[in-house]
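S.K.: With the sequence up front, the predicted model follows.
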Amino acid sequence: MDAIKVSNLSKKFKKESRSFFTTLKYLFKPDYIQVLEDINFDIKKSEIFGFLGPNGAGKTTLIKIILGLVEPDVGEVKIFDYKIPDEIEKIKEKINAVFARGGVYWPLTLKENIEWFGKIYRIKNLDEKIESLIEIFELKEKADTFADRCSTGELMRMKLARALINDPEILILDEPTIGLDPSIALKVREFIKKLNKERKTTIVLTTHQMAEADILCDRIAIMNKGKIVAKDRPKKLKGKLKRKNIIEMDVRNINQKILNKIKKLDGVLGLEYTQEKEELRLITEALDVLDEIINVLKKNRVKFYSVHTEEPSLEDVFLYITGRGL
Amino acid sequence: MRFFYDMYHVFRRDLKSYWRWKLHILFDTIVPIVDIALFLLVWSVIIGGGFEGVGMLNKDNYIAYLFSGFILWNFVNTPFTHDFVHSFIREKHWKTIEYIFISPLKKFSLPYGISILPLLRSIYSTIILLIIGFLFFGFSIKGDFLSIVLIVLLTFLGFSGVGLMISALASWREDFADVSWLINYILSIASGVYFPLEALPTNIKNFLMLLPSTKAVYAVRAIILQGVGIMELLPTILGLIVFGIISIFLAILVYRFVERKVMLIGI
């Protein structure tokens, strides 16, 4: 039996507007945004499954549908063979989740936040359980501090601790390391791994950080514009680029027009330009195309300082599949 | 049982938030005192100006008249308070509502659990009112105290349905929350809490007498001022029960409608 099975799932949202006239227009002629389209996947018990994709790819909506918070237009979601959302009540005790934003009772202390959920999940030996979670997440010093006086990292650790209060068989994590210091993010990742290994918890996570998905997940579904565009083990996904070349260049004074010219060159499979780093990353069929790329750069008086090839990462897989960066 | 267990823990959670800022209790003590002091001041001026009496109100009982209106209104008020109406909005803003919906918490235990604290605060301010009334103004209750409790409770339950409706609608469209202020304001005037409706033209008075809140205000006054017994108030009690059943039933329908809407569009 799969932990989660999703078949032919689609969802569109009605467009809404704050403008009175547009609202009136939508009332008579509704307009829709396709958020998810024909999603199919299954997640095995004790697996860490990741949804990887840029903001707006539909990851959070998908998670909300799995949790029974949003109803799909078409398709079926099953958790342990129970149909969601119709039979969600039967498995509520077995699942829990952490969402990226909010989810904190600000006037309560961290300990009280955990305790309140312990009560509504009717946990036996709650005090002991809370103490052990506080210990695991290194929250002892901050346990009696009000949530509005805690850092993002402390709050995320509290939310993770709270999500484990019912020993869930399935734990759903929406961007669990977003906004965290690298050191805390590392600890959270280590904990997720440990949790999966020791308690055999099935973990479903969304992230837009390729490295995170690569480190944590047994399998990954890459999402783009509401669709799953690739789904496999990270190693296998990267294997798709085995015979391709990843070229990285430091460039100055490049613009969209030049980038489009490079994109159109034969043999260029994907291109991503990071403005902050002034870094151009290319996936090419063969290295021969490099001469043509350099010609285009020279012709347009674009300075470049270093050119080197790299091992493919999940970021490149995404670039290769979608033709754009995250 | 699960419903009451959940309700109790929602209440405990809110009580902890309330106790974080200890001055709450100070203001909960001062506000009813200031309220009654201002109204007594205004009324003593009116009575001093040569007032003969209208309806149950006369120059000898105006203090008890006002107190009786205040006592009931403390409770009608509760479902329209910010805490009650904004119960879902607050969870939505804090994004805790997702966690609540995926938890095994019984759905209606949230608003009813949230209503316990405002209800206790209303009871507290009523006690303050009664103490002031008994100690300084010679306030006394001619009728049965338990009859007052019964009417107050039924009125609260009935209006909690209205408050729940607004609260559910406000979680979908936040501007609905403003309706609570409007309803509370209009009802407090239209129900004769602060003045006798007999002073109004007969047509308007007859119309306003149809309101459950007016019936409740008049019933509580009749008990306090005239010592009317529970049997004489049976039609009012039955009316309040019917009102309560209808309003809570409608609230459940509205809640389900909003829940469905939210599930289609996302929280």
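M.R.: Sure thing, it's come through. Residues are numbered from 1 along each chain as shown, chains lettered A, B, ... in the order given.

S.K.: so what's the residue of chain A at minimum distance from chain B up against?
M.R.: Nearest residue of chain A to chain B: A:Gly102, at 2.5 Å (C-beta to the nearest C-beta). Glycine gets a C-beta too; all of them are placed from N, C-alpha and C. Applying C-beta atoms under 8 Å, 6 or more residues apart in numbering or on different chains, one finds that A:Gly102 lies in contact with B:His93, B:Trp94, B:Lys95, B:Thr96.

S.K.: interface residues of the stretch 51-200 of chain B facing chain A?
M.R.: Selection of the stretch 51-200 of chain B residues close to chain A by C-beta under 8 Å from any C-beta of the partner chain yields B:His93, B:Trp94, B:Lys95, B:Thr96, B:Glu98, B:Tyr99, B:Ile100, B:Phe101, B:Ile102, B:Ser103, B:Pro104, B:Leu105.

S.K.: now, among those residues, which is nearest to chain A?
M.R.: Distances from chain A to those, taken by C-beta to the nearest C-beta, are shortest for B:Lys95, at 2.5 Å.

S.K.: those helices in chain B, which residues are they?
M.R.: Applying DSSP state H to chain B gives helices spanning B:2-20, B:23-48, B:62-77, B:82-85, B:87-93, B:97-102, B:109-136, B:145-172, B:177-190, B:202-208, B:212-221, B:234-265.

S.K.: The stretch 101-250 of chain A now?
M.R.: Along the stretch 101-250 of chain A, the stretches classed as helices by DSSP state H, counting those that start in this stretch are A:110-120, A:126-136, A:152-163, A:182-199, A:210-216, A:234-239.

S.K.: For the second one, output the C-alpha coordinates as PDB.
M.R.: This file holds the C-alpha atoms of helix A:126-136, laid out as PDB (Å, rounded to 0.1, in the frame of the first residue of the first chain):
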ATOM      1  CA  LEU A 126       2.200  15.100  27.100                       C
ATOM      2  CA  ASP A 127       4.600  16.700  29.500                       C
ATOM      3  CA  GLU A 128       7.300  14.100  28.900                       C
ATOM      4  CA  LYS A 129       6.700  14.200  25.200                       C
ATOM      5  CA  ILE A 130       7.100  18.000  25.100                       C
ATOM      6  CA  GLU A 131      10.200  17.800  27.200                       C
ATOM      7  CA  SER A 132      11.800  15.300  24.800                       C
ATOM      8  CA  LEU A 133      10.900  17.400  21.700                       C
ATOM      9  CA  ILE A 134      12.300  20.500  23.400                       C
ATOM     10  CA  GLU A 135      15.400  18.600  24.000                       C
ATOM     11  CA  ILE A 136      15.700  17.200  20.500                       C
END
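
S.K.: So which other helices or strands are in contact with it?
M.R.: Contact here means 3 or more C-beta pairs under 8 Å, 6 or more residues apart in numbering or on different chains; DSSP states H and E; on that basis helix A:126-136 packs against helix A:110-120, helix A:152-163.

S.K.: Please enumerate residues in contact with the longest one?
M.R.: Going back to what we said before, that points to helix A:152-163. Residues lying outside helix A:152-163 but in contact with it, judged by C-beta under 8 Å, 6+ apart, are A:96-98, A:103-104, A:110, A:113-114, A:117, A:133-134, A:136-139, A:142, A:145, A:147, A:150, A:171, A:173, A:176-177, A:179-181, A:184, A:188, A:191.

S.K.: For the closest residue to B:Phe67 other than its chain neighbours, give me its contacts.
M.R.: Nearest residue to B:Phe67, sequence neighbours excluded (C-beta to C-beta, 6 or more residues apart in numbering or on different chains): B:Gly133, at 4.9 Å. Residues counted as contacts of B:Gly133 (C-beta under 8 Å, 6+ apart) are B:Ile63, B:Ala64, B:Phe67, B:Phe139.

S.K.: State the pLDDT value of B:Gly133.
M.R.: B:Gly133 is assigned a predicted lDDT (pLDDT) of 87.

S.K.: so how many other residues sit close to A:Arg162?
M.R.: 25 (other C-beta atoms under 10 Å in any protein chain shown).

S.K.: In terms of pLDDT, where does it sit?
M.R.: For A:Arg162, the predicted pLDDT is 94.

S.K.: I'd like the distance between the residue lying closest to A:Asp232 once chain neighbours are set aside and A:Leu205.
M.R.: Closest residue to A:Asp232 apart from its sequence neighbours, by C-beta to C-beta, 6+ apart: A:Arg219 at 6.5 Å. Using C-beta to C-beta, to the nearest Å, we find A:Arg219 at a distance of 11 Å from A:Leu205.

S.K.: Settle it for me: which of those two has more neighbours?
M.R.: Neighbour tally, A:Arg219 and A:Leu205, criterion other C-beta under 10 Å: the higher count belongs to A:Leu205, 26 against 19.

S.K.: Low-confidence bits of the stretch 1-150 of chain A, can you list those?
M.R.: A:17, A:26 (pLDDT under 70).

S.K.: how about a cut-off of 80?
M.R.: A:1, A:14-31 (pLDDT under 80).

S.K.: Looking at the helices and strands packed on helix A:126-136, which is nearest to A:Glu276?
M.R.: Among the helices and strands packed on helix A:126-136, the nearest to A:Glu276 by C-beta to C-beta is helix A:152-163 (21.8 Å).

S.K.: From the chain's centroid, how far away is the closest one?
M.R.: Distance of helix A:152-163 from its chain centroid, counting by C-alpha atoms, centre = their mean, to the nearest Å, is 18 Å.

S.K.: May I see the buried residues of that helix?
M.R.: Within helix A:152-163, the residues that count as buried by 16 or more other C-beta atoms under 10 Å in any protein chain shown are A:Gly153, A:Glu154, A:Leu155, A:Met156, A:Arg157, A:Met158, A:Lys159, A:Leu160, A:Ala161, A:Arg162, A:Ala163.

S.K.: what pairs with the spatially most central residue of chain A across the strands?
M.R.: Closest to where the C-alpha atoms of chain A average out (C-alpha atoms, centre = their mean) is A:Thr207, at 2.0 Å. Counting by DSSP bridges, A:Thr207 is bridged to A:Leu52.

S.K.: Centre-most residue in chain B?
M.R.: B:Val76 (1.7 Å).

S.K.: Return the list of helices and strands in contact with the helix or strand bottoming out on mean pLDDT in chain B.
M.R.: The helix or strand of chain B with the poorest confidence is helix B:82-85; it has a mean of 81 (mean pLDDT, DSSP states H and E). Applying 3+ C-beta pairs under 8 Å, 6+ apart, one finds that helix B:82-85 makes contact with helix B:109-136, helix B:145-172.

S.K.: Can you give the distance of the last one from its chain's centre?
M.R.: Read it as helix B:145-172. That offset, for helix B:145-172, works out to 6 Å (C-alpha atoms, centre = their mean).

S.K.: same question for it, mean pLDDT?
M.R.: pLDDT averaged over helix B:145-172 gives 90.

S.K.: Perfect, I'm done here.
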